[in-house]
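> dropping a prediction and its sequence here:
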Amino acid sequence: MKPSEEIAMATIIEMKNVSKRYDDGFEALTNLNLKIESGKFYSILGPSGSGKTTVLRIIAGFSDITSGALYFDNQNITDMPANQRKVNTVFQDYALFPHLNVFDNIAFGLKLKKRPKEEIKEKVANALEKVRLPQHSDREISELSGGQKQRIAIARAIVNEPKVLLLDESLSALDKKLRKDMQYQLRRLQKDLGITFVFVTHDQEEALALSDEIFIMNEGKIIQNGTATDIYDEPVNRFVAEFIGESNIVDGVMKVDYSVEFVGKTFECADAGMQQNEPVHVVLRPEDLDITLVDEGKLTVTIVSQMFLGNHFEVNAVDEDGNQWLIHATNSVSVGQKVGVYFDPEDIHVMRIGESQVDFHNRIEEYGE
Ligand SMILES: Nc1ncnc2c1ncn2[C@@H]1O[C@H](COP(=O)(O)OP(=O)(O)OP(=O)(O)O)[C@@H](O)[C@H]1O
């Protein structure tokens, strides 16, 4: 088998040139192309209003599309009703029935399908086992914690043995510590079940921690997709660099032989493939910058402020040209002190300006939330 055939076989969901215009005329998705392979954990990450939930609703069959096509296992399912699709959704509020107990919530779909009683019992027990709540079958929904509700919602979704599980911001109702725990549980569950998870979130840390692959969305388009490290290390543009983690971004110009000019100096860098004298954005991550003696630094900055954040100091500094720098330092510094900043050539990430269709000046303000 050729590698290309292998990839084609593994694709479970494909959206081809999908656009979605709501009844009021608003275009929520524009010519979107997306490929999802079976057995992986995907996150769709983007600011509020970028179209993440719309993508999920289209895959689930709760929303139709204006143009383009949706494929599942290479079959065109654009017009297939939701209840015939081999996908299940876990909603943000879990949508559990408050008047039914845990067993009846999980059994609901199977009862609708009039499955035999014994089969229902076995499948519900199996689903409860998978989410590690085997003793909770008779509990009322009101007697469950937030994290347990989420696991029951997942049990209800996996009892139907879907090939794909869609999760819409399903951790956002939980407090921070529980959320971390549930992230771990979700990842474990996905590995145990071996089915595809498509997880919608606006929390970049969550997406980085959980996903085999991430789709970054903005204004109804996919701006970049790849593994967490691909995206973190090689953001395609300023929007992605700022949305994924903290960054220092300055204007630069590409020079010959792996070198780039910014803040009035020329630095060796690892990126290539740009035209000579092409204007670029240069990204330096705060954790890649080391504070050193002025003589040993590649830049000289003056410390403006510092804050201790438990495992590092967040330092704000300004260089001689007035550019601001965010640095994660291991040791404390003094405000007003002049220091050197050192970084390695491979820590310089060079991005083409205007790599995608994102309008930098019109970014949605909440994306840092
Ligand atoms: N039924 C609708 N009618 C008109 N516009 C809609 C409708 N549903 C969503 N939209 C708009 O489509 C855009 C995308 O919405 P969507 O819910 O997909 O975004 P999102 O990225 O999931 O946002 P959030 O993180 O806030 O849930 C938004 O501007 C939203 O206001």
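Arrived safely.
> could you use CA atoms for every contact and neighbour count after this?
OK.
> in the stretch 51-200 of the chain, what residue is nearest the ligand?
Residue nearest to the ligand within the stretch 51-200 of the chain: Gly51 (3.2 Å; C-alpha to the nearest ligand atom).
> apart from its neighbours in sequence, what residue is nearest Thr266?
Val260 (5.6 Å; C-alpha to C-alpha, 6 or more residues apart in numbering).
> listing request: residues of the stretch 201-350 of the chain with sub-threshold pLDDT.
Confidence mapping of the stretch 201-350 of the chain against pLDDT under 70 gives the ranges 271-272.
> my bad, should have said the stretch 1-150 of the chain
For the stretch 1-150 of the chain, the ranges with pLDDT under 70 are 1-9.
> who in it is up against the ligand?
Within the stretch 1-150 of the chain, the positions lying close to the ligand (C-alpha under 6 Å from any ligand atom) are Tyr22, Asp24, Phe26, Ala28, Pro47, Ser48, Gly49, Ser50, Gly51, Lys52, Thr53, Thr54.
> thinking again about what came up before, report how many residues lie close to the residue of the stretch 51-200 of the chain closest to the ligand.
Residues within reach of Gly51, counting by other C-alpha atoms under 10 Å, total 24.
> ok, now Ala157?
22.
> which SSE is it in?
Using DSSP states H and E, Ala157 falls within helix 146-158.
> please apply the same query to Leu70.
Going by DSSP H and E, Leu70 is part of strand 67-72.
> which residues touch that strand?
With C-alpha atoms under 8 Å, 6 or more residues apart in numbering as the test, strand 67-72 has contacts from 12-20, 31, 59, 76-78.
> any chance you could map the strands in the stretch 251-369 of the chain?
Using DSSP state E, counting those that start in this stretch, the strands of the stretch 251-369 of the chain run over residues 259-262, 265-268, 279-284, 290-292, 299-308, 313-319, 324-329, 338-342, 349-352.
> distance to Asp168 and mean neighbour count added to these, as a markdown table?
Output for the strands of the stretch 251-369 of the chain, formatted as a markdown table (distance: least, C-alpha to C-alpha, whole Å; neighbours: other C-alpha atoms under 10 Å):
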| stretch | distance to Asp168 | mean neighbour count |
| --- | --- | --- |
| strand 259-262 | 41 | 20 |
| strand 265-268 | 43 | 14 |
| strand 279-284 | 31 | 22 |
| strand 290-292 | 39 | 19 |
| strand 299-308 | 34 | 18 |
| strand 313-319 | 33 | 20 |
| strand 324-329 | 33 | 22 |
| strand 338-342 | 41 | 20 |
| strand 349-352 | 31 | 23 |
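> point me to the residue of the stretch 101-250 of the chain nearest the ligand.
His202 (5.9 Å).
> that residue against Pro47, yeah?
Yes: His202 lies in contact with Pro47 (C-alpha atoms under 8 Å); the separation is 5.7 Å.
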